[in-house]
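In: with the sequence up front, the predicted model follows.
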Amino acid sequence: MKFDRPFVDFCVCWQSPRRHSSHAIGLRLPAILPVVLLICLALAGCGSSGRSGAGYADSPPRDRVALTAWQEWTKFGRATVVYGGQAGGYVNRPGITERSEPLASRVGDYWGACGRPEWNGRTSGRPWSGAFVTWVMARSGYSASAFPRDGRHGAYLSALYDRERASRSAPFRLHAPSEYAPKPGDLVCTGTAGPTWRYSDPRTAHRRLDNTANHCDIVTDVRGGYVQAIGGNVKNSVAMSLYPVDSRGRLVPVSGRSWLVVVEKRS
């Protein structure tokens, strides 16, 4: 028997159209099956590759704080900002703006957590990124004693710093960005003073956190060399920013971002 050319002696055009026996069909299958299997494997490979690159189909995070932020991001249309190039299928794209109802009123809910329910997404001159973080923490079950009800980043960061110094069991701990790798539920924050607070006396550290903080995002995932972090009042929406990290998972400098502090959620 010769098997060096399995397809030469077997071709559909060589068979008479009148032959429809089960024997003829049986002869076709051995030659056709390998081709069919190869095609199926190729299609399966293409499909799995597409899913791995389509970041927007990711499942919700398990951490409660991260999940709450992720759900709000979904409501606002999943706006995304990518820093540092490619990021596993994510690209820069807009979301639904703060001035569109019912999301303008949703911003009012964020402010309501800070005691200012009269402010909303149509209120001019009212940055609401700090209110968003405060609302997420409150919604996730943190009391005012655990996380301050303040719509200003510097106010709650400096308060968390003081509480950490007062109690070793404080639910939040502040780190310099170069010292700690963020995880889901943590905060990554920028500020004009950078991490200089970390090496200052307590009074100076409090003042620098309070006076120089610009923005904080809530970490929802860390994968593919990026921290995925969601914040409010980004691109006039609730948006996810993707920040590159080093081999240890720690934030690296990016254009337009002066890293101030990473807040570890300990509980």
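Out: Structure received. Residues are numbered from 1 along each chain as shown.
In: now the helix or strand hosting residue 162 - C-alpha only, CSV.
Out: Assigned by DSSP states H and E, residue 162 belongs to helix 153-166. Only the C-alpha atoms of helix 153-166 are listed here, as CSV (Å, rounded to 0.1, in the frame of the first residue of the first chain):
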residue,chain,number,x,y,z
HIS,A,153,-9.2,64.8,46.8
GLY,A,154,-6.7,66.6,49.0
ALA,A,155,-9.2,66.7,51.9
TYR,A,156,-9.8,63.0,52.1
LEU,A,157,-6.2,62.1,51.4
SER,A,158,-4.8,64.2,54.2
ALA,A,159,-7.5,62.8,56.5
LEU,A,160,-6.6,59.3,55.6
TYR,A,161,-3.0,60.1,56.3
ASP,A,162,-3.8,61.4,59.7
ARG,A,163,-6.0,58.3,60.5
GLU,A,164,-3.3,56.0,59.5
ARG,A,165,-0.8,57.7,61.8
ALA,A,166,-3.3,57.5,64.6
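In: mind starting the numbering at 154 from now?
Out: OK, 154 is where the count begins now, so the last one is helix 306-319.
In: list the helices and strands that helix packs on?
Out: Using 3 or more C-beta pairs under 8 Å, 6 or more residues apart in numbering; DSSP states H and E as the contact test, the elements touching helix 306-319 are helix 282-292, strand 325-328, strand 340-344, helix 355-365, strand 366-376, strand 412-418. (Glycine included, C-beta is placed from N, CA and C.)
In: what residues sit buried inside the fourth one?
Out: This means helix 355-365. Within helix 355-365, the residues scored as buried using 16 or more other C-beta atoms under 10 Å are 358-363, 365.
In: which of those sits closest to residue 253?
Out: Comparing the buried residues of helix 355-365 against residue 253 with C-beta to C-beta places residue 365 closest, at 32.2 Å.
In: residue 267 belongs to a strand?
Out: No - applying DSSP: H, G, I helix; E, B strand; the rest coil, one finds residue 267 to be coil, outside a strand.
In: pull out the buried residues from the helix holding residue 315.
Out: For helix 306-319, the neighbour count (16+ other C-beta under 10 Å) marks 306-317 as buried.
In: do stretch 287-299 as well
Out: Residues 287-293, 295 are the ones in stretch 287-299 that count as buried (16+ other C-beta under 10 Å).
In: the closest residue to residue 230 other than its chain neighbours: what's it in contact with?
Out: Sequence neighbours aside, residue 248 is the residue nearest to residue 230 in space, at 3.6 Å (criterion: C-beta to C-beta, 6 or more residues apart in numbering). Each residue near residue 248 by C-beta atoms under 8 Å, 6 or more residues apart in numbering is listed here: 226, 229-233, 388, 390-392.
In: neighbour-wise, which of those residues leads?
Out: Neighbour counts for those, by other C-beta atoms under 10 Å, peak at residue 391, which reaches 32 neighbours.
In: for that one, give me the backbone phi and psi.
Out: Phi and psi for residue 391, reported as degrees, to the nearest 10, are phi -90, psi 120.
In: who touches residue 324 in this structure?
Out: Contacts of residue 324 (C-beta under 8 Å, 6+ apart): 295, 299-300, 418-420.
In: equivalent analysis for residue 216, please.
Out: Contacts were defined as C-beta under 8 Å, 6+ apart; by that measure residue 216 touches 336-338, 373, 418.
In: how about the contacts of residue 248 in TSV, adding pLDDT and secondary structure?
Out: As requested, the contacts of residue 248 are arranged in TSV below (pLDDT from 0 to 100; DSSP: H, G, I helix; E, B strand; the rest coil):
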residue	pLDDT	secondary structure
226	96	helix
229	95	coil
230	94	coil
231	94	coil
232	94	strand
233	94	strand
388	92	coil
390	95	strand
391	97	strand
392	97	strand
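In: and which of these is nearest to residue 332?
Out: Relative to residue 332, the closest of the contacts of residue 248 is residue 392; by C-beta to C-beta it sits at 26.8 Å.
In: now the residue most central in space within the chain: which helix or strand?
Out: Closest residue to the average C-alpha location of the chain: residue 381 at 3.1 Å, with C-alpha atoms, centre = their mean. Following DSSP H and E, the helix or strand that holds residue 381 is strand 379-387.
In: who's in contact with that strand?
Out: Counting by C-beta under 8 Å, 6+ apart, 222-223, 225-226, 232, 234, 237, 240-241, 251, 260, 263, 280-282, 284-286, 335, 341, 368-375, 391-398, 404 sit against strand 379-387.
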